[in-house]
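**Q** structure for this input, please:
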Amino acid sequence: MSFTKDFTATPADIDELGHVNNAIWVRWIQELAVAHWETVAPPAHRDAFVWVVTRHEIDYRGNLAEGAETTGTTWVPEPPRGARFNRHFRFTDADGRVLVEGVTTWALLDRATGRLLRVRPEIAAPFLAP
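**A** Residues are numbered from 1 along each chain as shown. Have a look, this model is predicted:
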């Protein structure tokens with residue numbers, strides 16, 4: 001069950017090398033994951049839980065100049081383990097060439113207490129292939 005979102009490199013995203021700064025790619029990874037959660041999770045889950053990143057593994061394979069567009073795709077290939085699950089992501093250019101890809105580990109927190117929670121099957125279900 002993948003999710004996609006488009007991004008466009010603005011002047012503020014460009015570093016001294018003339019392409020999207022690595023910190024912007026990390027921000028886009030976060031925005032992609034959050035948009036996926038907000039799109040498919042039921043309102044009760046969005047109100048009760050929040051996710052935090054515990055690890056990023058990122059491979060930079062290409063880049064974008066100002067004004068260029070990329071499509072981010074994210075998916076969760078395996079069921080969660082305890083409070084954590086791995087979310088894969090890939091950003092491609094208009095020709096389908098992979099620019100950035102990797103895996104981010106997320107942990108589920110109770111929004112009210114800030115405590116780690118086991119990811120129950122009903123929370124994970126909207127993100128996993130049937």
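
**Q** which residue would you name as the spatial centre of the chain?
**A** Ala33 (3.0 Å; C-alpha atoms, centre = their mean).

**Q** quick one: pLDDT of it?
**A** Reading off the confidence values, Ala33 has pLDDT 97.

**Q** and the next helix or strand past the helix or strand where it lies?
**A** Secondary structure from DSSP states H and E places Ala33 in helix 22-40. Once the chain leaves helix 22-40, the next helix or strand it forms, by DSSP H and E, is helix 43-48.

**Q** name the residues of the helix or strand just after that next one that are buried.
**A** As assigned by DSSP H and E, the chain's next helix or strand after helix 43-48 is strand 49-60. Within strand 49-60, the residues that count as buried by 16 or more other C-beta atoms under 10 Å are 49, 51. Backbone N, C-alpha and C define where each C-beta goes, glycine included.

**Q** send me strand 49-60 as CSV with only the CA atoms.
**A** Extracted in CSV, the C-alpha atoms of strand 49-60 (Å, rounded to 0.1, in the frame of the first residue of the first chain):
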residue,chain,number,x,y,z
PHE,A,49,-1.0,8.7,18.5
VAL,A,50,2.1,10.4,17.2
TRP,A,51,5.2,9.0,15.4
VAL,A,52,8.8,9.8,16.0
VAL,A,53,11.8,8.9,13.9
THR,A,54,14.4,6.7,15.6
ARG,A,55,16.7,6.1,12.6
HIS,A,56,17.3,7.2,9.1
GLU,A,57,19.2,5.3,6.4
ILE,A,58,19.4,7.4,3.3
ASP,A,59,21.2,6.8,-0.1
TYR,A,60,21.6,9.9,-2.2
